[in-house]
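Student: here are the coordinates; sequence isn't available:
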């Protein structure tokens with residue numbers, strides 16, 4: 001069936017954990033944008049949602065850090081963090097191991113990936129699901145791209161992974177939705193937390209909306225670290241979505257720098273070619 005919905009969004013823990021500290025208009029406008037995304041997602045009537053995220057040392061650490069990992073569990077529990085701190089109650093989301101297996105097998109024809117039959121979601125997946133699947137009634141297939149522990153997968157490989165993922169989606173009969181979730185510029189868990197480079201964000205988002213492969217792959221990690229912080233490495237998830245939807249334009253439905261959330265808060269939706 002191929003893709004029926006695609007987009008990107010931010011996932012910073014402050015989005016849910018610091019709502020009481022945010023300017024009311026910031027909080028309301030961003031949460032409303034997430035609700036708009038949920039409505040478009042639901043209208044596409046997906047059978048499963050693939051979440052391409054960046055895990056934060058909750059399940060994978062330096063003793064075993066896959067470049068790419070796809071979940072293949074019956075169910076997933078999250079958040080792994082303190083629910084009171086994150087502002088999200090701990091719950092379980094359904095998986096679909098049989099569908100995951102088919103997608104993994106097809107992706108392996110193009111890109112080597114790991115898989116996990118046990119996976120606890122951290123905020124990188126729990127925050128988006130909190131807004132996009134509030135009833136936790138949609139099958140979830142989580143994907144992690146290593147954006148934390150160098151050496152990081154090169155940007156052109158993140159693109160290749162997205163292309164492989166699209167081929168896998170094209171070959172299954174189910175209706176598949178896919179979101180990428182990450183930064184953009186942010187400096188989490190550092191003295192610079194709350195810093196946001198708005199110009200950098202807008203430049204990258206402009207390239208993302210046009211699916212400008214050459215421009216997006218022209219970044220290097222030294223420049224990203226300098227200009228967008230270590231959180232900027234998460235552009236890999238946005239790049240993977242661009243590759244999976246190559247040929248389609250996209251729109252930034254919402255962007256606003258919200259320092260108390262520690263990120264340039266973003267909702268982007270791809271206008272899929274049908």
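Tutor: All right, it came through fine. Values in this document were obtained by computation on a predicted structure and should not be read as measured data.
Student: now stretch 16-34, how far from the chain's geometric center?
Tutor: Here stretch 16-34 is found 19 Å from its chain centre; the criterion is C-alpha atoms, centre = their mean, to the nearest Å.
Student: can I assume residue 200 is in contact with residue 185?
Tutor: Yes. Look at residue 200 against residue 185 with C-beta atoms under 8 Å: they come within range, at 5.1 Å. Heads up, the C-betas are built off the backbone N, CA and C, glycines and all.
Student: which of those two has more residues huddled nearby?
Tutor: A count of neighbours by other C-beta atoms under 10 Å puts residue 185 above the other of residue 200 and residue 185, at 23 against 20.
Student: where do the strands sit along the stretch 101-250 of the chain?
Tutor: Secondary structure of the stretch 101-250 of the chain (DSSP state E, counting those that start in this stretch): strands at 114-116, 139-145, 176-182, 249-258.
Student: need these in CSV (columns: distance to residue 163).
Tutor: Below are the strands of the stretch 101-250 of the chain laid out as CSV (distance: least, C-beta to C-beta, whole Å):
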stretch, distance to residue 163
strand 114-116, 19
strand 139-145, 14
strand 176-182, 13
strand 249-258, 16
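Student: same list, these, but as CSV with mean pLDDT please.
Tutor: Putting those into CSV (pLDDT from 0 to 100) gives the following:
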stretch, mean pLDDT
strand 114-116, 96
strand 139-145, 98
strand 176-182, 97
strand 249-258, 96
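Student: winner for burial among those?
Tutor: strand 176-182 (a mean of 28; mean count of other C-beta atoms under 10 Å).
Student: and of the strands of the stretch 101-250 of the chain, who's closest to residue 38?
Tutor: Comparing the strands of the stretch 101-250 of the chain against residue 38 with C-beta to C-beta, the closest turns out to be strand 176-182 (10.8 Å).
Student: and the closest one, what does it pack onto?
Tutor: With contacts taken as 3 or more C-beta pairs under 8 Å, 6 or more residues apart in numbering; DSSP states H and E, strand 176-182 sits against strand 3-10, strand 48-53, helix 123-132, helix 155-170, helix 235-244.
Student: direction included, what does that strand pair against?
Tutor: Each strand paired with strand 176-182, and its direction, by DSSP bridges: strand 3-10 (parallel), strand 48-53 (parallel).
Student: low pLDDT regions in the chain?
Tutor: The chain contains residues with pLDDT under 70 at 1, 274.
Student: nearest to residue 241, of the strands paired with strand 176-182?
Tutor: With respect to residue 241, and counting by C-beta to C-beta, the nearest of the strands paired with strand 176-182 is strand 3-10 at 5.6 Å.
Student: what separates the closest one from the chain centre, distance-wise?
Tutor: Worked out by C-alpha atoms, centre = their mean, strand 3-10 lies 9 Å from the chain centre.
Student: the inter-axis angle of that strand versus helix 123-132?
Tutor: Strand 3-10 runs at 120 degrees relative to helix 123-132, counting by axes from the mean of the first three to the mean of the last three C-alpha atoms, to 10 degrees.
Student: so what does the following helix or strand past strand 3-10 touch, helix or strand wise?
Tutor: Downstream of strand 3-10, the first helix or strand assigned by DSSP states H and E is helix 14-17. Helices and strands touching helix 14-17, as assessed by 3+ C-beta pairs under 8 Å, 6+ apart, comprise helix 83-86, helix 123-132, strand 263-271.
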